[in-house]
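# Predicted model follows, preceded by the sequence.
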Amino acid sequence: MFNKDGPTFIRKREYSINQKIYLLSRICFFSFYACMTATQSKLTEVKIRRFFFAAASSNQSTISEPCLLLLSSEKEWRCMVFNDEGYFKVLPFTPSLPPQDNTIISGSTKLSSSSAIIDWNDGIIYLNQDAGDYILHDEQRKSRSKISGEKKGIGKKVALLVRVTTNDATVTRNGNELSDKWFGTSGDQMNMSSRFNECSYGKLRIQPAPDTSVISNGVVEVKLNINAFEKIIDRAESLTVVALQKLFGQNVYNKYDHIMIVLPLGFKDSFFAHGYLNFSISSYSDEQASYLSVQMHEIAHNLGLSHSGILTGPKDNRKYGDTSGYMGNSYGLDDGPRMCFNGPHSWKLGWYRNSHVTVNPLTKKWTGNLAGISNYVESGTRNVLVKIVGDRSEDFYINFNRSTGINSQTKFGRNKVLVTRQNKGSDLSTTIVQNLIAGQQATLKNFLGSGRNVYIKVRKIANSAKISIWASP
């Protein structure tokens with residue numbers, strides 16, 4: 001989809017015909033294998049839904065210790081498992097681990113299972129989802145990942161950019177060009193590092209990894225001894241992660257706050273980009289790594305932000321339609337758009353913390369002025385964000401999306417008051433439910449099941465927005 005600002009990319013994983021044939025053949029193989037092994041009593045069988053596996057071949061193993069659960073930007077759960085050599089890989093489940101509630105946190109919750117089988121060749125964890133077969137462990141307070149923690153959006157961070165080459169494919173831009181696009185090392189004025197610094201008012205500073213014998217301007221070159229056309233993206237990413245561990249040690253995911261893997265074109269399947277929530281790794285397809293909004297989007301996943309949508313328009317708008325900030329659709333632009341993040345995401349990042357207002361309209365009416373983020377002042381004398389306290393499933397946030405300064409190229413709801421709902425499920429997705437001009441009013445019906453409506457009225461918009469929030473009797 002294209003518009004005057006450049007192509008807008010709908011973030012879906014795409015599967016090629018070859019990959020579909022491959023997956024179909026695997027299903028047929030395992031179905032046949034199930035029938036054959038049922039008559040062979042000498043084999044130890046591990047039942048996983050309708051599949052049977054001999055436990056375990058030299059290419060298979062069980063999960064010897066709890067593995068760290070990671071949620072990809074495609075809302076697919078994966079687990080970080082360690083092979084016999086001590087190298088970790090991030091592998092998907094089959095069948096897919098079902099959506100979880102807000103007690104399951106990407107980057108901190110771990111999973112253990114007595115019957116799950118890791119197939120190292122296929123890069124898959126076969127999981128029996130029968131009741132009681134796997135156990136989830138809350139590791140939030142002692143997370144292994146350096147990116148985890150309450151202040152992951154604040155402070156000085158170190159980022160490593162990985163340029164991957166295969167036997168038959170290479171990334172279009174060289175290392176120096178990529179470094180400039182991400183860190184401005186050759187004078188690029190609008191890049192990932194500068195945008196986070198500007199949006200956060202200097203509270204988040206992402207800098208290139210220091211030079212070493214293999215790192216230059218934050219970039220390391222990794223050569224994979226494979227042919228791209230024979231492999232899928234997940235396999236290439238997994239091989240790259242192992243290569244990085246051999247270069248920098250098995251705790252590379254803790255050594256660098258962000259690891260951005262740039263893959264060439266030419267694999268059996270295709271993608272644009274993806275990142276893991278509350279974890280250091282993100283991956284990009286060739287030129288996507290040069291587009292500012294793609295960079296901001298995926299690094300923000302590492303910081304714990306999920307997608308942002310709207311309630312109207314095409315189906316994809318439900319997931320990506322909120323382009324008031326970087327967590328909606330992305331643009332094929334090297335520089336721009338100049339914007340930041342929506343209300344819930346800004347609240348979570350904590351950059352304007354001293355300008356937050358928490359409101360419970362069921363107990364007290366609130367009236368006040370909201371400034372746009374470009375008019376935030378360090379003293380906190382201007383309110384920027386309002387949070388309406390919700391329940392265990394959702395909260396609501398209000399912000400004035402003023403299109404000036406650091407937010408001058410925001411797309412959706414320019415110069416309007418935005419009311420955004422945040423899901424408290426494991427993915428923390430957000431949805432704009434109202435965008436209001438002066439004189440308009442939003443209604444949250446039967447708020448928290450209280451039988452009372454909550455009203456949000458925009459009384460005036462100028463350099464700031466005056467709003468009132470109250471509940472019906």
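Right, received. Where do you want to start? Numbering: from 1, shown residues only.
# By mean pLDDT, flag the weakest helix or strand of the protein.
The helix or strand of the chain with the poorest confidence is strand 45-48; it has a mean of 31 (mean pLDDT, DSSP states H and E).
# residues contacting the closest residue to residue 340 other than its chain neighbours?
Spatial nearest neighbour of residue 340, excluding adjacent residues (Cβ to Cβ, 6 or more residues apart in numbering): residue 199 at 3.9 Å. Every C-beta, even on glycine, is put in place using the N, C-alpha and C of the backbone. Neighbour list for residue 199: 340, 341, 351, 373, 406 [criterion: Cβ atoms under 8 Å, 6 or more residues apart in numbering].
# now stretch 357-368: how far from the chain's centre is it?
In terms of Cα atoms, centre = their mean, to the nearest Å, the centre of stretch 357-368 is set 32 Å apart from its chain centre.
# nope, stretch 446-458 is what I meant
Stretch 446-458 sits 31 Å away from the centroid of its parent chain (Cα atoms, centre = their mean).
# Can you list the buried residues in that stretch?
For stretch 446-458, a neighbour-count test (16 or more other Cβ atoms under 10 Å) marks 447, 448, 452, 454, 455, 456, 457, 458 as buried.
# what does the helix or strand hosting residue 90 contact?
In this assignment (DSSP states H and E), residue 90 forms part of strand 88-94. With contacts defined as Cβ under 8 Å, 6+ apart, strand 88-94 is touched by 70, 76-83, 118, 120, 123-127, 234, 237-238, 241-242, 245, 250, 253, 276, 281.
# which of these count as buried?
Neighbour counting over the contacts of strand 88-94 (16+ other Cβ under 10 Å) leaves 70, 77-82, 118, 120, 123-127, 234, 237-238, 241-242, 245, 250, 253, 276, 281 as the buried ones.
# In the protein, where is pLDDT below threshold?
Residue ranges of the chain with pLDDT under 70: 1-58, 99-102, 129-133, 139-150, 426-427.
# Centroid-nearest residue for it?
Of all residues in the chain, the one closest to the mean position by Cα atoms, centre = their mean is residue 301, 2.8 Å from it.
# which residues touch that one?
Going by Cβ under 8 Å, 6+ apart, residue 301 touches 73, 274, 275, 276, 277, 282.
# any idea how far residue 194 is from it?
Distance, residue 301 to residue 194, using Cβ to Cβ, to the nearest Å: 20 Å.
# tell me which residues of the longest strand along the chain are tucked away?
Under DSSP state E, the strand in the chain containing the largest number of residues is strand 155-165. Applying a neighbour-count criterion of 16+ other Cβ under 10 Å, one finds 157, 158, 159, 160, 161, 162, 163, 164 buried in strand 155-165.
# in the helix or strand just after it, what counts as buried?
Next helix or strand after strand 155-165 toward the C-terminus (DSSP H and E): helix 175-183. For helix 175-183, burial by neighbour count (16+ other Cβ under 10 Å) applies to 175, 177, 178, 179, 180, 181, 182, 183.
# and the angle from the helix or strand sitting right after helix 175-183 along the chain to strand 155-165?
As assigned by DSSP H and E, the chain's next helix or strand after helix 175-183 is helix 192-199. Counting by axes from the mean of the first three to the mean of the last three Cα atoms, to 10 degrees, helix 192-199 lies at 160 degrees to strand 155-165.
# between the buried residues of strand 155-165, which is closest to residue 63?
Of all these, residue 63 sits closest to residue 162, with 27.1 Å by Cβ to Cβ.
# quick one: contacts for the closest one?
Residues near residue 162 by Cβ under 8 Å, 6+ apart: 219, 220, 222, 240, 244, 259, 260, 261, 262.
# Go through these and flag which are in helices.
Residues of the contacts of residue 162 located in helices (DSSP state H): 240, 244.
# and the contacts of residue 162, which two are the farthest apart?
Farthest apart among those by Cβ to Cβ are 219 and 240. That separation is 13.6 Å.
# Comparing the two, which residue is more hemmed in?
residue 219 (25 against 20; other Cβ atoms under 10 Å).
# I'd say that one and residue 177 touch.
No. Taking contacts as Cβ atoms under 8 Å, residue 219 lies outside contact range of residue 177: 9.5 Å.
# Dump the buried residues of strand 155-165 to a markdown table, plus distance to residue 134.
As requested, those are exported to a markdown table (distance: Cβ to Cβ, whole Å):
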| residue | distance to residue 134 |
| --- | --- |
| 157 | 33 |
| 158 | 35 |
| 159 | 34 |
| 160 | 33 |
| 161 | 36 |
| 162 | 32 |
| 163 | 37 |
| 164 | 33 |
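# Between those, which sits nearest residue 420?
Nearest to residue 420 among the buried residues of strand 155-165, counting by Cβ to Cβ, is residue 157 at 26.1 Å.
# quick revisit: the contacts of residue 301, buried ones only, as a PyMOL selection?
For the buried members of the contacts of residue 301, the matching PyMOL selection, counting by 16+ other Cβ under 10 Å, is:
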select buried, resi 73+274+275+276+277+282
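# In strands, which of the contacts of residue 301 appear?
Residues of the contacts of residue 301 located in strands (DSSP E): 274, 275, 282.
# Contact partners for the second one?
Okay, so that is residue 275. By Cβ under 8 Å, 6+ apart, the contact list for residue 275 reads 72, 73, 281, 282, 283, 297, 298, 299, 300, 301, 302.
# Let me see the ranges of the strands in the stretch 201-350 of the chain.
Applying DSSP state E, counting those that start in this stretch to the stretch 201-350 of the chain gives strands spanning 204-208, 215-216, 219-223, 258-263, 273-275, 281-285, 308-310, 330-331.
# Out of those strands, the one nearest residue 399 is which?
With Cβ to Cβ, the closest approach to residue 399 among the strands of the stretch 201-350 of the chain belongs to strand 308-310: 12.2 Å.
# Residues in contact with that closest one: which ones?
With contacts defined as Cβ under 8 Å, 6+ apart, strand 308-310 is touched by 317-322, 324-325, 327-328, 342, 344-345, 412, 420, 429-432.
# same thing but 10 Å
For strand 308-310, contacts defined as Cβ atoms under 10 Å, 6 or more residues apart in numbering pick out 315-329, 341-345, 412-413, 418, 420, 422, 429-435.
# Now restrict the residues you listed to buried residues only.
Burial by neighbour count, 16+ other Cβ under 10 Å: within these this picks out 316-329, 341-345, 412-413, 418, 420, 422, 429-432, 434-435.
# Among the residues you listed, which lie within helices?
Checking these against DSSP H, those in helices are 317, 318, 319, 320, 343, 344, 345.
# Distance to residue 59 for these - can I get that in TSV?
What follows is these, written out as TSV (distance: Cβ to Cβ, whole Å):
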residue	distance to residue 59
317	43
318	40
319	36
320	38
343	48
344	44
345	42
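# Mind picking the one among these that's closest to residue 391?
Nearest to residue 391 among these, with distances taken as Cβ to Cβ, is residue 344, at 15.2 Å.
# Kindly state the beta-bridge partners for the closest residue to that closest one other than its chain neighbours.
Spatial nearest neighbour of residue 344, excluding adjacent residues (Cβ to Cβ, 6+ apart): residue 422 at 4.1 Å. Per DSSP bridges, the residues bridged to residue 422 are residue 395, residue 430.
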